[in-house]
Each structure stands twice: as structure tokens, then as C-alpha cells.
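J.: Structure of the sequence below:
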Amino acid sequence: LCAMARPAIRRPCGRAGFVTHTRTPPSLVVDNPYDGSVVAELPWTEAKAAKATLDASHSAFSEWRKTSLKDRLAALDSFEAAFKANSERVAEEMSRQMGKPLSQAQGEVKGMFQRLHAMKAMASEVLADDTFPVEKGITKFIKKEPVGVVLVIAPWNYPLMTAINAIAPAILCGNSVVIKHSERTPLTGDALAKAFADAGLPKNLVTSVHTPHDVTAQIIKDPRVGHVSFTGSVGGGRSVQQTAAAGRFVDTTLELGGKDPAYIAADADLDSAIAGVVDGAMYNAGQSCCAVERVYVHKSHYQKFVDGALELLRQYKLGDPFDPATSMGPLAQPNLPVFIQGQVKQAVSQGAKCLFGGNITNGPSGQGRFFEPTLLTDCTQSMGVMQDETFGPVLPVMAVESDQEALALMNDSMFGLTAGIWTRDAERAARMGADLQAGTVYMNRCDTLDPYLPWTGVKNTGKGVSLSKYGFRPYFRLKGFNFKAEAGGGGLTVFALHCTPHTRTARGLSGARIPPAVEGTPPAQGGAGSALLWSKHPSAMLPCHEDSILTPPDVAYSSA
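T.: Just a heads-up that it's a prediction; the model follows:
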């Protein structure tokens, strides 16, 4: 990588705040990035309290794992209703904690519900038992069982949507959740836990802690934690992975950095490309893992692209996040403005031109830690601004001769989250996309997620996946069942395994029907709404498709 040859600029701490403090402050204090006021001062969750939280979470898990999928889906409906009752307050708290305009915070609330709805819609199919035809009296099926307590270490930049990516599938799979939110947005973690509690769910099913680094590490090491979901910096992810691997084999999902490229091809709709790329670079003040952070423009469009981008950047209004006229809020972390200015100055010293912005500034009232929307042209690939994650409102642009050159430069990165191609030719996008080293390839889009598609990446972007049907996989274990029926045996053999209140009949694995004594019999009242079917004949049994959760105490009926 070109990055290996250039001087380093110190990177600020990660989005999730998982950093080693030389000394832990006496309390967790959150300042308002716009006016400097104290938004919250909270006590740390120390080791004893963290252990008690884990005890309670594991106890909740022991009961929750027995519930039916129908009950879990209903629980998320109740969570949604409880959260909506306080959603305006949560959005306002988000803006005060990390600085995004209130309209964008309100949009994030809606985005969280969209992701929640998508995960619920996929759950029945994803969590159903895998079944196979009966062969020579052998019945085989695979169940998905929850992993235990899930630790969700969530970031500040999109504090609701990133958290629900893990919380929703974890709950649907039958786990309990402990949220460790960023030190920048602890109130958001508390709001999520409160909504689950207000929804009438089992006590301590979803809890929130405010742990310093060393206590977070203790939680990760606890054997009751079955999975760790982390979103944040590369350094933070490395620390989580090392902690998780020290004496345990607990798995982790790590969504880390990005340096996402966009390519403006020779046949691109230039007006659409300019508008999309500028928004993708500037939205949320550039504080997004999938923000456009480097742009490669075919030489035939280069000057027109620069002129158009410059015109749009001049229209951004920096100011109070609660002012409807504000289109860009302050930067969340105190050290981000200095880091970004260092990147810009380094690029200019190496030959880039700063056509707009490039400075630390305040809002119109003289308040706030802002950085001006910035346009850098004549960049080269070796510059830090083209290699290191910026996490701020900077748009570095470079001209290229061809698709082949653009592809090589787009792949010349230590990250690989998303990549965007702006073209009228879908074949060109597909051809380049096949060779792009990224988790998501866009055509004429950028900086967006679809909850039905996997959110993943390559290289230092991390490991694992969230969203889509594959986003459930970290939160269940597979268990295989291999049963043989004894010919002429005198005892009952239990084969798979249940019906739901909405499914009165089931088709046999080999095409046979449920025996007449069982067919159409309603399940037992109460319990989780599932039941065991007993038979000497494995060919008569098939788990119903709606609900693959087995609760052994609920034996509803049997057949000899």
C-alpha cells in the first residue's frame, strides 16, 4: 500500500470508545459538541456492578431461550411501541450528545425501525429447523439454539441503527443483551434498555452498562457471554479481538474502519454523481464508516465535477443542531478537528489544492467544534487523506485515465467496506464490482444500507456480518439431531417436535400425514404455544415452519 511509505498522523479514538485510558476519570461526563454544556454525568459501572448485571442477564436468558419465535416477534412489537412513546426525547438526546442535526437524528429513529421490521420479516425463515427426508428409518434435522448473553459495544456516530443491527437478531434468536454504548452516547444505550423494560419484557433481558475499558474486558472474558458485537475503530476492534481470544473461543463481529471510494466513469450522469457523492461525503459531517472518503473522476469529467462539487459545498449551513436551517452539525469528538486539519495540511504540503474549507471553525454564534466542508483537488494516492480514515467532511478528488486505473486505485486501501461506481452501464458496474475488494458495491448510489443485504467488509474493515438473513448467524448455534427408529421396538421414540397455535396440521418428512389421532388436535393451553408430537413413526413428524422453538414441558398430545 502507498500508505506504508508516508508519515503517520495520530488517529483519534474510536467510535465505540473502546480505548485504554491511562487513567479512568472519576465519572463519565458527556459534553455537548455545540455549546460545551454538560449533557450527562454518569457513574461508571464498576466490576461488582458489571458482574451483577451479567448475573441478571444470564438469568433472563435462561428463561427467554425457552420462548417461541411468535412471542419474540411480539416482544419486538412491544419494544417498538414503547420506544416510539419517547422517540422525540431520544432524538434530542442524540443531537445533544454527538451533534448531528435534529432532523438527521429523527431520521435515524425511523431508520432503526426499518431495520427492525426487516429483521422480524426474515426471522421465521432463517430460524426454522433444517429438515431432511427420512431414509431407512433415520430422521435428521438441525435446530438453531441461542448462544447466551450477547455483548453489544455500540458506536456514537449512528447510535441507534448500529445497535439494533445486533440487538434485534440476538433477541429473536433467544439471547439476552448487554449494551455497552460509546462514552459519547451513553444515554442512547440507556434509552434502548428502558424501552425493552417498558415493553413488559422479562426483567434484565436487555440492559445497559457504562463500563471503563478494564471492566469491559472483564465482561468479554466472562464465560456466560456467547458473542461480542463491536462497531468502532480498527484499534478498538483489535483490542476486543485480543481480549476475546485470551483464554476463550468466543466469537466476535467487528465492524471497523472504512475509506470508501467512488468512481465517476466516463459515461456517468454527472449531475447525479456530483449530488450523490457530495451528500455521501458530507452527511453526518462525514462521520460515517461508509462515507465517501476518496473520489476518482474520469479525466473527461474532472473539471466539471470539481466545479459542481464546489458549488454544493458552499451551500452547507453549519450551526445549532436544533436549528432547522442547519445542514451540518459539529464534530462529536474533541480531537477530531485537529486530526482532520492535520490530514488536510499534509495533503496540501504534498501538492493537493484546497479549493474550499480546510479549517477548524465555530458555528455562526461562535460556538461548537466544527470543521469546514472541504474540497481537495489534484490529490495523489500516497497522501494520507487518500489512505487513512478521515471521519470528517473532507472530499479529496483525483483524476484517472480509465476504468482499469480507477479499479486499481479503489482497491489500493487497507479497508474494504463499500465502493460506488457512477455509470449508465450496468455491465461496467458488474464487471468492476466483481474485482472490487469491498463488502458492498453500489451503482449510482453511496453511503446507504439495505437491511436485506449483508453489511460486511474485507481487510481492516473487520470480520463477520450484520443485517440480512446472514446477520442472524452470530447469534445461534447449530445442533444436529440424528434419530433411528427401532423396528418393532416396544417403547416410544420421540421425533421432531412441535406445532404452533397457527398451524393445526403438518406434512410428514417423506410425504406422509400426521397420524389421525394427532391431525388437527389443538396445542395445549398456556406455555410458549409449542408442543411435542410423539410417534413410533419418524416419517409422520415434521417441525412446523412458523416456529422452530422447542419447549419440552409443553407436551400437548401424543399418538401410539
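
J.: Which strands or helices does the lengthiest helix in the chain pack on?
T.: With secondary structure taken from DSSP state H, the chain has its longest helix at helix 102-127. Judged by 3 or more CB pairs under 8 Å, 6 or more residues apart in numbering; DSSP states H and E, helix 102-127 is in contact with helix 69-84, helix 87-98, helix 161-172. No exception for glycine: its C-beta is placed from N, CA and C like everyone else's.

J.: Let me know which of the ones you listed is tucked in deepest.
T.: Looking across the helices and strands packed on helix 102-127 with neighbours counted as mean count of other CB atoms under 10 Å, the highest average goes to helix 161-172: a mean of 27.

J.: Can you name the element that comes right after that one?
T.: Per DSSP states H and E, the first helix or strand lying C-terminal to helix 161-172 is strand 176-181.

J.: That next one pairs with which strands?
T.: Paired neighbours of strand 176-181 in the sheet (DSSP bridges): strand 149-154 (parallel), strand 206-209 (parallel).

J.: Can you check what angle separates the helix or strand following that strand from helix 102-127?
T.: Proceeding N to C from strand 176-181, the next assigned helix or strand is helix 186-198, under DSSP H and E. Per axes from the mean of the first three to the mean of the last three CA atoms, to 10 degrees, the angle that helix 186-198 makes with helix 102-127 is 50 degrees.

J.: As a check, name the ranges of all helices in this protein.
T.: With DSSP H, the ranges of helices along the chain come out as 47-64, 69-84, 87-98, 102-127, 161-172, 186-198, 213-221, 234-245, 270-282, 302-313, 336-349, 403-411, 426-435.

J.: Looking at the longest helix of the chain now, give me its mean pLDDT.
T.: Helix 102-127 carries an average pLDDT of 98.

J.: if we can go back for a sec, distance to Asn444 added to the helices of the chain, as JSON lines?
T.: Formatted as JSON lines, the helices of the chain follow (distance: least, CB to CB, whole Å):
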{"stretch": "helix 47-64", "distance to Asn444": "43"}
{"stretch": "helix 69-84", "distance to Asn444": "32"}
{"stretch": "helix 87-98", "distance to Asn444": "30"}
{"stretch": "helix 102-127", "distance to Asn444": "21"}
{"stretch": "helix 161-172", "distance to Asn444": "23"}
{"stretch": "helix 186-198", "distance to Asn444": "32"}
{"stretch": "helix 213-221", "distance to Asn444": "41"}
{"stretch": "helix 234-245", "distance to Asn444": "29"}
{"stretch": "helix 270-282", "distance to Asn444": "6"}
{"stretch": "helix 302-313", "distance to Asn444": "15"}
{"stretch": "helix 336-349", "distance to Asn444": "28"}
{"stretch": "helix 403-411", "distance to Asn444": "15"}
{"stretch": "helix 426-435", "distance to Asn444": "8"}
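
J.: ranking those by burial, who's on top?
T.: With neighbours taken as mean count of other CB under 10 Å, the helices of the chain reach their highest mean count in helix 161-172, at a mean of 27.

J.: Please identify the most buried of the strands paired with strand 176-181.
T.: Burial of the strands paired with strand 176-181 is given as mean neighbour count (mean count of other CB under 10 Å); strand 149-154 ranks first at a mean of 29.

J.: how far does stretch 149-158 stretch from start to finish?
T.: From its first residue to its last, stretch 149-158 covers 23 Å (CA to CA, to the nearest Å).

J.: State the number of residues packed around Lys203.
T.: Residues near Lys203, counting by other CB atoms under 10 Å, number 12.

J.: Now do the contacts for it.
T.: Taking CB atoms under 8 Å, 6 or more residues apart in numbering, we find Lys203 in contact with Ala56, Ala60, Ala197.

J.: Surely the second one is in contact with Ala193?
T.: Looking back up the chat, that one is Ala60. No. In this structure, Ala60 is not within contact of Ala193 by CB atoms under 8 Å, at 11.9 Å.

J.: among the helices and strands packed on helix 102-127, which is nearest Lys469?
T.: Ranking the helices and strands packed on helix 102-127 by their distance to Lys469 (criterion: CB to CB) puts helix 161-172 first, at 9.6 Å.

J.: from the chain's centre, how far out does the closest one sit?
T.: On the basis of CA atoms, centre = their mean, to the nearest Å, helix 161-172 sits 8 Å off its chain's mean C-alpha point.

J.: what inclination does that helix have with respect to strand 176-181?
T.: Angle, helix 161-172 to strand 176-181, by the same axes, to 10 degrees: 170 degrees.

J.: What average pLDDT does helix 161-172 get?
T.: Averaged over helix 161-172, pLDDT sits at 98.

J.: likewise stretch 429-446?
T.: Average pLDDT, stretch 429-446: 98.

J.: To Gly392, which of the strands paired with strand 176-181 lies closest?
T.: That would be strand 149-154 among the strands paired with strand 176-181, by CB to CB, at 20.6 Å.

J.: centre of the chain versus that closest one, how much separation?
T.: 11 Å.

J.: Can you list the neighbours in contact with it?
T.: With contact meaning CB under 8 Å, 6+ apart, strand 149-154 is reached by 16, 18, 54, 57-58, 61, 162-163, 166-167, 170, 175-182, 185, 188-189, 216, 219-220, 222, 224-232, 240, 475.

J.: now the angle from that strand to helix 213-221?
T.: Angle of strand 149-154 versus helix 213-221, following the same axes, to 10 degrees, is 140 degrees.

J.: how about the helices and strands packed on helix 102-127 in TSV, adding distance to Leu355?
T.: Formatted as TSV, these follow (distance: least, CB to CB, whole Å):
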stretch	distance to Leu355
helix 69-84	43
helix 87-98	29
helix 161-172	33
